[in-house]
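1. Task: produce atomic coordinates for the following.
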Amino acid sequence: MVFNDLFLVFVMIIGYIFSTVMENYFILYIVVAFSIISSFISYWWSDKIVLKMSDAKLIKFEDNKELYRIVENLCITAGLPLPKIYIINDTAPNAFATGRDPEHAVVAVTSGLLQKLERNELEGVIAHELSHIGNRDILLATVVTVLVGVIVLLADWFRRWTFWGGGRRSGDDNNSGQIKLIIMIVAIILSILAPLFAYLMQFAISRKREFAADADGALLTRYPEGLASALEKISADTEPLEVANRATAHMYIASPFEGKRDGRAKKRFFARAFMTHPPVEERIAALRGINL
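-> Residues are numbered from 1 along each chain as shown. Alright, predicted model coming up:
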């Protein structure tokens, strides 16, 4: 949770600087309150929103006994309660987990994943998603997403305030006026760069948690090759994931967008910085380097 703490500090610093320049500390209180309220809403309803956006359908044991048994057996091994299981009617292979805690978790897989993977590969994918649940990565991702939104809104608000003449004061002495001008310039630069840094932090957190879930998933199944092989198939599949969008792409086990691009882009630093997932080849290499 260190990343999360740093993110909160980052939000407070940005809010403090903007409120100082605007000479209205009530703005900082608004930022804090908005962050808390947004986090509360996301904590309780984010899973329902994502499932609705993905057009996922809840299944029971009778609907897909093999999938149900795989999830159930892995949950017993991991010591986790059985999550609700959803299927997304999409031919592209992919999966994600959501929910505010292990007791209210969801695992969703596409119909394409069930059709195109072998059993041991499917077990690897499910183990990866259960690891996200056990590590509470879903809650972390939700909070970080909310904080990024707060920073973007705050930066946009400040730019609009300066555009319409905010902060222009007369009657200040030269020294005071120069200090205020410097602070104003710093705040304007921050209003431009803060959203960029916020997104970079969000993507870095997402990539770090994917590596951790890969390792934990491999330990859960005791067969790293299953997940490695599944990632190869998912990344090599050319069918687009129709239900995915930029808001939900980071939740899937493999990006529904980045995997379809020219692989050379993943070697460039700038392109890698904006990836929601680590390069698949690096994840596969890490998995195949695990000795159990």
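
2. Provide a list of residue ranges in the stretch 151-292 of the chain with pLDDT below threshold.
-> 152-154, 156-184, 186-187, 190, 198, 247, 258-274 (pLDDT under 70).

3. quick one: the helices in it?
-> 174-221, 224-236, 269-273, 280-288 (DSSP state H, counting those that start in this stretch).

4. any idea which of the ones you listed is most buried?
-> Ranked by mean neighbour count, the helices of the stretch 151-292 of the chain are led by helix 224-236 with a mean of 21 (mean count of other C-beta atoms under 10 Å). C-beta coordinates here come from the backbone N, C-alpha and C atoms, glycine included.

5. Now do residue 58 against residue 224, distance only.
-> Distance of residue 58 to residue 224, computed by C-beta to C-beta, to the nearest Å: 31 Å.

6. Repeat that for residue 81.
-> Residue 81 is 25 Å from residue 224, by C-beta to C-beta.

7. same question, residue 91
-> 27 Å.

8. Residue 241 too?
-> Remark: distance between residue 241 and residue 224 (C-beta to C-beta) = 25 Å.

9. what do you get for residue 291?
-> For residue 291, the distance to residue 224 (C-beta to C-beta) stands at 9 Å.

10. so residue 107 sits in a strand?
-> Yes: counting by DSSP: H, G, I helix; E, B strand; the rest coil, one finds residue 107 located in a strand.

11. For it, the count of nearby residues, please.
-> Around residue 107 there are 24 other residues, counting by other C-beta atoms under 10 Å.

12. Was I right to think it contacts residue 87?
-> No: here residue 107 does not reach residue 87: they are 10.0 Å apart, not a contact under C-beta atoms under 8 Å.

13. residues shared between the contacts of the two?
-> Shared contacts of residue 107 and residue 87 (C-beta atoms under 8 Å, 6 or more residues apart in numbering): none.

14. what's in contact with the helix or strand encompassing residue 98?
-> Using DSSP states H and E, residue 98 falls within strand 95-99. With contact meaning C-beta under 8 Å, 6+ apart, strand 95-99 is reached by 46-47, 50-51, 54, 83, 105-110, 113, 125-126, 129-130, 132-133, 138, 248, 251-253.

15. redo that, cut-off 7 Å
-> Contact with strand 95-99 is made by 46-47, 50, 83, 105-110, 113, 125, 129, 132-133, 138, 251-253, as judged by C-beta atoms under 7 Å, 6 or more residues apart in numbering.

16. May I have it as PDB, with CA atoms only?
-> Only the C-alpha atoms of strand 95-99 are listed here, as PDB (Å, rounded to 0.1, in the frame of the first residue of the first chain):
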ATOM      1  CA  ALA A  95     -10.500 -12.500 -18.000                       C
ATOM      2  CA  PHE A  96     -10.600 -10.100 -15.100                       C
ATOM      3  CA  ALA A  97     -11.500 -10.000 -11.400                       C
ATOM      4  CA  THR A  98     -13.300  -7.300  -9.500                       C
ATOM      5  CA  GLY A  99     -15.000  -6.700  -6.200                       C
END
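
17. and the angle from that strand to helix 224-236?
-> 100 degrees (axes from the mean of the first three to the mean of the last three C-alpha atoms, to 10 degrees).

18. Mind listing what's buried along strand 95-99?
-> Residues of strand 95-99 classed as buried: 95, 96, 97, 98, 99 (neighbour count, 16 or more other C-beta atoms under 10 Å).

19. Redo those as JSON lines? Include distance to residue 33 and pLDDT.
-> Shown next, in JSON lines, are these (distance: C-beta to C-beta, whole Å; pLDDT from 0 to 100):
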{"residue": "95", "distance to residue 33": "36", "pLDDT": "96"}
{"residue": "96", "distance to residue 33": "30", "pLDDT": "94"}
{"residue": "97", "distance to residue 33": "30", "pLDDT": "93"}
{"residue": "98", "distance to residue 33": "26", "pLDDT": "88"}
{"residue": "99", "distance to residue 33": "26", "pLDDT": "84"}
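
20. for those residues, which one is nearest residue 203?
-> Nearest to residue 203, judged by C-beta to C-beta, of the buried residues of strand 95-99 is residue 96 at 16.5 Å.

21. Quick check: nearest residue in space to that closest one, chain neighbours excluded?
-> Nearest residue to residue 96 in three dimensions, chain neighbours excluded: residue 251, at 4.1 Å (C-beta to C-beta, 6 or more residues apart in numbering).
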